[in-house]
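Asker: I would like to see how this sequence folds:
(one chain, ligands or ions: 1)
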Amino acid sequence: MIQQCYTMHDMETLFETLKTFNKPGEMKGITRLAYSKEDEAAHQFMVETMGEHGLFVRKDAIGNIFARLPGQNSQLPAVGTGSHLDTVPQGGAYDGALGVVTGFYALMQFKAGELLRDLELVIFRAEESSRFGFSCIGSKVMTGKVKADQWAENVDDEGQSFFQVNDDAGYASEKIASCCLPDHYFSAFIELHIEQGKRLESDGLTIGVVNGIAAPTRFAVLVRGHADHSGATPMYQRQDALVASAMIIEDINHAACRESPWGTVATVGKMEIQPNSMNVIPGEVTFYVDIRGIEKSSISRVASRLQEAVHKAEKDNDVTITLREISSEEPVKLDDGLCDVLAQQCEKNDISYMKMLSGAGHDTMNLAQRYPAAMIFTPSKGGISHHPDEFTHFSDIEVAATLLKETLRELGNRQ
Ligand SMILES: [Zn+2]
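Answerer: Predicted coordinates for the structure are as follows:
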């Protein structure tokens with residue numbers, strides 16, 4: 001039933017095949033937004049592939065996928081691995097997909113009943129925040145962190161909420177509570193992912209053993225001024241929403257720079273301007289602030305600086321500003337014991353590694369609040385991610401996939 005020999009070459013082919021699930025006509029990188037046709041097709045392809053290879057596959061009410069390889073005792077909590085398949089617009093091929101294909105490769109190295117515990121590959125839905133403005137929906141749903149009211153408010157570019165999109169895709173939002181996994185579902189969870197930074201590359205190391213994940217706190221800022229003729233309105237009479245926004249953005253940038261010793265960062269990467277015309281003073285601006293770090297107090301300092309900047313910009317520019325928190329996640333410490341297992345495996349197999357923090361959020365940060373969890377990072381060339389040029393050498397991927405396999409073997413045989 002289980003294919004006896006699933007090689008690195010098979011894994012590479014699978015990875016290349018996943019690249020073909022892309023928005024029609026996309027010339028730059030991969031665009032596979034959560035629940036888009038191409039995202040749905042990629043998930044369906046994996047369901048079929050994993051089923052054909054003998055795994056027991058199920059989907060939950062939002063389309064998270066679980067593929068299980070039975071061990072000797074399926075009553076014991078399973079050992080999990082996995083990642084996501086959705087991407088940002090014009091993203092890379094490695095973010096998420098790499099954790100899926102290496103996880104599948106690792107499971108395929110064992111026969112049913114070979115290990116004590118079941119192994120389970122998870123494909124999380126809607127990890128990227130690109131569509132709905134908040135991230136890791138699949139893993140939040142699995143760990144009972146649904147915020148129905150807040151989620152209903154955050155709509156995509158077509159004005160649809162996650163729940164509407166989920167139902168339109170043929171899933172069942174009314175059964176979302178059934179997606180929550182029981183206690184002791186996993187004895188351990190390991191996600192393999194690209195680093196998305198350049199620390200491994202700069203230090204010439206092959207593996208990052210991730211022992212903590214920085215968490216995003218996000219705000220939407222709506223600035224209301226007054227749209228007027230750009231020629232006929234003197235400077236002192238203006239209520240320029242974009243000038244007010246620019247002042248706030250500069251302030252947040254300074255605030256985050258001051259927090260660099262704690263690794264905190266802040267970004268404004270999305271903005272909508274009304275009426276967005278060269279000869280009209282901007283009357284209304286919406287922009288989004290993304291603050292991340294490991295130290296909660298440091299994140300709070302940047303967030304309170306944002307509030308101060310908002311008040312000052314209101315006064316200085318005669319505009320009104322609404323600040324709305326979209327999401328606020330807790331920074332997460334990963335399991336020391338699992339990190340040690342990964343480190344020992346690296347040492348045993350002569351793999352160069354370092355223990356490190358992840359600046360980007362991952363599904364594992366939700367799982368880690370319920371189950372022991374850790375992550376394996378592979379180097380990102382030039383630290384580039386969320387970009388068509390995202391790249392990881394296949395030789396590094398082979399090392400990481402082998403490390404994942406050996407770690408699953410050890411954890412899968414633990415009493
Ligand atoms: Zn990712």
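
Asker: Is it correct that residue 102 falls within a strand?
Answerer: No. Residue 102 sits outside any strand when classified using DSSP: H, G, I helix; E, B strand; the rest coil, being helix.

Asker: what secondary structure does the closest residue to it other than its chain neighbours sit in?
Answerer: With sequence-adjacent residues excluded and distances taken as C-beta to C-beta, 6 or more residues apart in numbering, residue 102 is closest to residue 401, at 4.2 Å. Bear in mind the C-beta positions are built from the backbone N, C-alpha and C, glycine included. Put simply, residue 401 is helix when judged by three-state DSSP.

Asker: Okay, domains of this protein per the record?
Answerer: 8-214+331-412, 215-328 (automatic domain parsing).

Asker: Turn those into CSV, including mean neighbour count and mean pLDDT.
Answerer: Listed next are the domains of the chain as CSV, based on neighbours: other C-beta atoms under 10 Å; pLDDT from 0 to 100:
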stretch, mean neighbour count, mean pLDDT
domain 8-214+331-412, 20, 96
domain 215-328, 17, 96
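
Asker: Now the ones you listed in a markdown table, please, with extra columns for distance to the ion.
Answerer: Listed next are the domains of the chain as a markdown table, based on distance: least, C-beta to the ion, whole Å:
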| stretch | distance to the ion |
| --- | --- |
| domain 8-214+331-412 | 4 |
| domain 215-328 | 13 |
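
Asker: I figured residue 99 hits residue 82, correct?
Answerer: Yes. Between residue 99 and residue 82 there is a contact at 6.2 Å, judged by C-beta atoms under 8 Å.

Asker: which neighbours do these two share?
Answerer: residue 191 (C-beta atoms under 8 Å, 6 or more residues apart in numbering).

Asker: all strands of the stretch 301-415 of the chain, in order?
Answerer: Taking DSSP state E, counting those that start in this stretch as the criterion, the stretch 301-415 of the chain carries its strands at 320-328, 332-333, 353-358, 373-378.

Asker: element containing residue 184, please.
Answerer: According to DSSP states H and E, residue 184 maps onto no helix or strand at all.

Asker: so how far is residue 116 from the nearest residue to it once chain neighbours are set aside?
Answerer: Using C-beta to C-beta, 6+ apart and skipping the chain neighbours, the partner closest in space to residue 184 is residue 77 (4.7 Å). As judged by C-beta to C-beta, to the nearest Å, residue 77 and residue 116 stand 11 Å apart.

Asker: residues in contact with the closest residue to residue 112 other than its chain neighbours?
Answerer: In space, and not counting its chain neighbours, residue 112 is closest to residue 70: 5.0 Å by C-beta to C-beta, 6+ apart. Going by C-beta under 8 Å, 6+ apart, residue 70 touches 56, 112-113, 118.

Asker: could the residues you listed be laid out in a markdown table, adding distance to residue 260 and secondary structure?
Answerer: Shown next, in a markdown table, are the contacts of residue 70 (distance: C-beta to C-beta, whole Å; DSSP: H, G, I helix; E, B strand; the rest coil):
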| residue | distance to residue 260 | secondary structure |
| --- | --- | --- |
| 56 | 47 | strand |
| 112 | 50 | coil |
| 113 | 52 | coil |
| 118 | 44 | coil |
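
Asker: Farthest pair within those?
Answerer: By the measure C-beta to C-beta, 56 and 113 form the most distant pair in the contacts of residue 70, at 13.0 Å.

Asker: Tell me what angle the longest helix belonging to the chain forms with strand 320-328.
Answerer: Longest helix in the chain, counting residues (DSSP state H): helix 296-317. If you take axes from the mean of the first three to the mean of the last three C-alpha atoms, to 10 degrees, helix 296-317 sits at 160 degrees to strand 320-328.

Asker: Tell me how far helix 296-317 lies from the chain's centre.
Answerer: Relative to its chain's centre, helix 296-317 lies at 26 Å (C-alpha atoms, centre = their mean, to the nearest Å).

Asker: Could you do stretch 215-234 as well?
Answerer: For stretch 215-234 - counting by C-alpha atoms, centre = their mean - the centre lies 29 Å from the chain centre.

Asker: First residue to last residue on it, what's the distance there?
Answerer: This stretch, stretch 215-234, spans 44 Å end to end (C-alpha to C-alpha, to the nearest Å).

Asker: and if you look at stretch 231-243?
Answerer: Start-to-end, stretch 231-243 (C-alpha to C-alpha) is 16 Å.

Asker: Can you pull out the residues in contact with it?
Answerer: 223-226, 228, 273-274, 279, 281-285, 317-319.

Asker: now that stretch, how far from the chain's geometric center?
Answerer: 40 Å.
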